[in-house]
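J.: starting from these lines, generate the structure:
(one chain, ligands or ions: 1)
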Amino acid sequence: MKYEKDYYQKIGFKCGLEIHQRLLTSEKLFCSCSANKEGEKLPIKIERTQRAVVGELGEIDKATGFESMKGRRFIYNTYNDTSCLVEIDEEPPHEVNREALEISYLIAAIFNASLPDEIEVMRKEVVDGSDPSAFQRTMLIGYNGFLELNGRKINIPSIFLEEESSGIESSDSEVVIYNVNRLGIPLIEIDTDPEIKSPDEAKEVAMRIGTLLRLTGKVQRGIGTIRQDINVSIKEGARIEIKGFQELETIDEIIDNEIERQQKLIEISKKLKERKAEVGEVIDATDIFSKTDAKIIKSIIEKKGVVLATKLSGFKGLVGMEINPDRRLGSEISDYAKIGGVGGIIHSDEDLKGYGISEEEINNLCNRLGIKENDAFIIIAGEKEKAEKAISLARYRAEYAIKGVPPETRGIDPKKNITKFLRPLPGGARMYPETDEKPIIVDHKHYEEIKKNVPSIEAIESKLMNEIGNKQIVEELIRSPKLQDYFYIAEKIKSDYQLIATTLLQKMKELKRLGIEVEKISNDTLVCIFERYKDRIITKQAFEPIISAIPKSCVDVDKIIEEQNLIRISGDELIELVRSEIEKGTKQKSLIVSNIMSRYRLNIDGEELNNIVDVLLKVGK
Ligand SMILES: [Zn+2]
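T.: The predicted model follows:
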């Protein structure tokens, strides 16, 4: 966090979270397809296009119209085991998954929420194609909840149970390819009020919600299974929904950068208002560039494309003003233009000669646009239809620069930790009832029972302290997504708790850094490794070669142990080794140990070796 807490209050910082977490159920929410398998890809592909049914198709302040302006085709890959006719909207949804409902009630109880008398399944419009039906089913299962953090109460006004969307396999300006593997997996959405007071607090609340969800032991683990959307605004700014945080570590930095972006845009807007700025009409400047040496423009004109331009009166110097590291107002205008299907814009705050545009061409263009001292202009070249669309989008964004900050849904640029434009913020999700589902009558007595058995962080903490015995490891484990894995493995092994925890928290991370695909290693495989350790078949040192070999070879643990000679040497066999070393004339303990370890580092437990050497040296005397 860049500033002191008071600063955020002063700038009117407002922030609320939406946490999405996939539940661990065997089936999907509205059909019997598997909710936790990678299905086998089928040759069947479904193709859909979307058309906004509203009259104002050109109105780009509507997310729907905006998406349909992109005119992209959506292709859905289908899978064995994980998709059926329900996913592709060719069959009505089945009854709501009871297992998912039960987990949701438990989560509602953890967040102290009330349950409605009846749960109503609704359809929520989805505009990005991530659902073949163009809607997502969702239901309010809890309201008026809260969580406590550092003595502060953070309100959770609503908890939803809904369908996960499809995953994107690839996308370009024409086609988006989705896979329906994850479509329809039960997903819980937890919303906080916009009362979070600083970027640090946003990070803490997100972490706490994640921890509380994992306490259930009933949520999916791994990359993408939990997602944070963060709504951020400042005074005179606008509500920005930042989607798709995955690394909680960078939340504060990204929010700080977003605040800075909004502040710069507000500053630009004030200057533009002072200068009585205006966005001019579109002119066709193709003829001015008919003999140009500017490569980009030349190749477009050769392909019968057009060059369009617009005057931005009063914008001089502001289009090129930096609003985030290496990002300018011009970059934002360009983001909108790109939606129209062009490569971007050229603007007058840039080095135009760098593009190969001549002095004469610039003069001619300035004359035709009537450019005066404080004015700027933008140029868009492209296929006629695309360039027209692009320049109208660019003009819309430039006009908004005079007003201030446009409300948007933004994603994340993980390299720079800044936000990036996705689409305008939809004007409130459009919802309508799912007529294929009957309302679910809530059994409040049952909910009271669930509430009595809610797991608390304190209780889990003391249980873990008993097992692991190290406060630092326990605290790290509680905050870590590995908590569930720990529960699963510890429950089966019932010993070596600290080793299990450190293997999950440290060893796996180390190996991941070395490029080992540790995500591919299942908890059952880990259980198997810990069992072999418990049975004294292998040493701790053998963990690393075994874990490293699994994702590559996919063979079982015992085969790896055998092939890589990882079987533990202990007891009589170890005594023999030490004896022969002493017989060779080595009398110094450290030398005996290092001689033996240099040959059998992975097979011998250091402590056992030390003890044996001690005993034999003593006997030898
Ligand atoms: Zn299905």
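J.: so what's Ser313 bridging to?
T.: Note on Ser313: beta-bridge partners by DSSP bridges are Glu278.
J.: isn't Asp413 up against Leu422?
T.: No. Using C-beta atoms under 8 Å, Asp413 is not in contact with Leu422, being 11.4 Å away. Just so you know, the C-beta spots here come from the backbone N, C-alpha and C atoms, and that holds for glycine as well.
J.: compare those two (neighbour count), which wins?
T.: More neighbours surround Leu422 than the other of Asp413 and Leu422, with 19 against 15 (other C-beta atoms under 10 Å).
J.: quick check: the more buried one is in a helix.
T.: No. Secondary structure assignment places Leu422 outside any helix; it is strand (DSSP: H, G, I helix; E, B strand; the rest coil).
J.: what does the model give it for pLDDT?
T.: Looking at Leu422, its pLDDT reads 90.
J.: state the distance from it to Ile240.
T.: Taking C-beta to C-beta, to the nearest Å as the measure, Leu422 and Ile240 are separated by 10 Å.
J.: who touches both of those two?
T.: Glu408, Thr409, Arg410 (C-beta atoms under 8 Å, 6 or more residues apart in numbering).
J.: element containing the closest residue to Thr586 other than its chain neighbours, please.
T.: Once flanking residues are discounted, Thr586 sits nearest to Ile592: 5.1 Å by C-beta to C-beta, 6 or more residues apart in numbering. Element membership for Ile592 (DSSP states H and E) is helix 589-600.
J.: buried residues, that helix. List them.
T.: By neighbour count on 16 or more other C-beta atoms under 10 Å, the buried set for helix 589-600 is Ile592, Val593, Ile596, Tyr600.
J.: ok, those vs the ion, which is closest?
T.: When those are ranked by distance to the ion (C-beta to the ion), Tyr600 comes first, at 52.8 Å.
J.: where in the protein is the helix or strand with the lowest mean pLDDT?
T.: Ranking every helix and strand in the chain by mean pLDDT, DSSP states H and E puts helix 63-70 at the bottom, with a mean of 67.
J.: does Lys316 really touch Lys372, like I thought?
T.: No. The pair Lys316 and Lys372 fails to qualify as a contact (C-beta under 8 Å) at a distance of 9.1 Å.
J.: which one of those two is surrounded by more residues?
T.: Shown here are Lys316 and Lys372; by other C-beta under 10 Å, Lys316 has more neighbours (19 against 11).
J.: if I look at that one, how far off is Asp375?
T.: 6 Å.
J.: check Val442 too.
T.: In terms of C-beta to C-beta, Val442 sits 63 Å off from Asp375.
J.: neighbour count winner among the two?
T.: Asp375 (20 against 17).
J.: quick check, the residue in the stretch 401-550 of the chain closest to the ion?
T.: Going by C-beta to the ion, the ion is nearest to Asp436 of the stretch 401-550 of the chain, at 14.2 Å.
J.: now swap in the stretch 101-250 of the chain and tell me
T.: Gly184 (6.1 Å).
J.: wait, Ser34 touches Ser83, no?
T.: No. Applying C-beta under 8 Å as the test, Ser34 and Ser83 come out as separate, 9.6 Å apart.
J.: please say which of these two ends up with more neighbours.
T.: Ranked by neighbour count (other C-beta under 10 Å), Ser34 and Ser83 place Ser83 first, with 27 against 18.
J.: what's the closest non-adjacent residue to the more buried one?
T.: Excluding the flanking residues, the one nearest Ser83 by C-beta to C-beta, 6+ apart is Val180, at 4.7 Å.
J.: surely that neighbour and Glu87 touch.
T.: Yes. Using C-beta under 8 Å, Val180 is in contact with Glu87, at 4.5 Å.
J.: common neighbours of these two, please.
T.: With C-beta under 8 Å, 6+ apart as the test, Val180 and Glu87 both reach Tyr76, Thr78, Pro132.
J.: need those residues in TSV with secondary structure, can you?
T.: Below are the shared contacts of Val180 and Glu87 laid out as TSV (three-state DSSP):
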residue	secondary structure
Tyr76	strand
Thr78	strand
Pro132	coil
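J.: out of those residues, the closest to Ser580 would be?
T.: Checking the shared contacts of Val180 and Glu87 against Ser580 by C-beta to C-beta gives Thr78 as the nearest, at 64.1 Å.
J.: and the closest one, how far from Ile44?
T.: With C-beta to C-beta as the criterion, Thr78 and Ile44 are 5 Å apart.
J.: go through the longest helix along the chain and flag the buried ones.
T.: Ranked by number of residues, the top helix in the chain under DSSP state H is helix 251-274. Buried residues in helix 251-274, counting neighbours by 16+ other C-beta under 10 Å, are found at 251-266, 268-269, 271-272.
J.: which of the shared contacts of Val180 and Glu87 count as buried?
T.: Buried by 16+ other C-beta under 10 Å: Tyr76, Thr78, Pro132, out of these.
J.: could you list the low-pLDDT ranges of the stretch 351-500 of the chain?
T.: Scanning the stretch 351-500 of the chain for pLDDT under 70 picks out 428-429.
J.: mind listing the helices for it?
T.: 359-369, 384-403, 444-452, 457-468, 471-479, 483-493, 497-502 (DSSP state H, counting those that start in this stretch).
J.: for those, which one sits closest to Ile550?
T.: helix 483-493 (15.1 Å).
J.: quick one: contacts of the closest one?
T.: 211, 214-215, 217, 219, 221, 467, 477, 497, 500-501, 504, 523, 526-527, 530-531, 534.
J.: identify each buried residue in it, please.
T.: Leu483, Gln484, Asp485, Tyr486, Phe487, Tyr488, Ile489, Ala490, Ile493.
J.: pLDDT averaged over stretch 602-616 - what is it?
T.: Mean pLDDT, stretch 602-616: 92.
J.: residues making contact with that stretch?
T.: The contact list for stretch 602-616, computed with C-beta under 8 Å, 6+ apart, reads 539-542, 545, 564-570, 574-575, 578-579, 582, 589, 592-593, 596-597.
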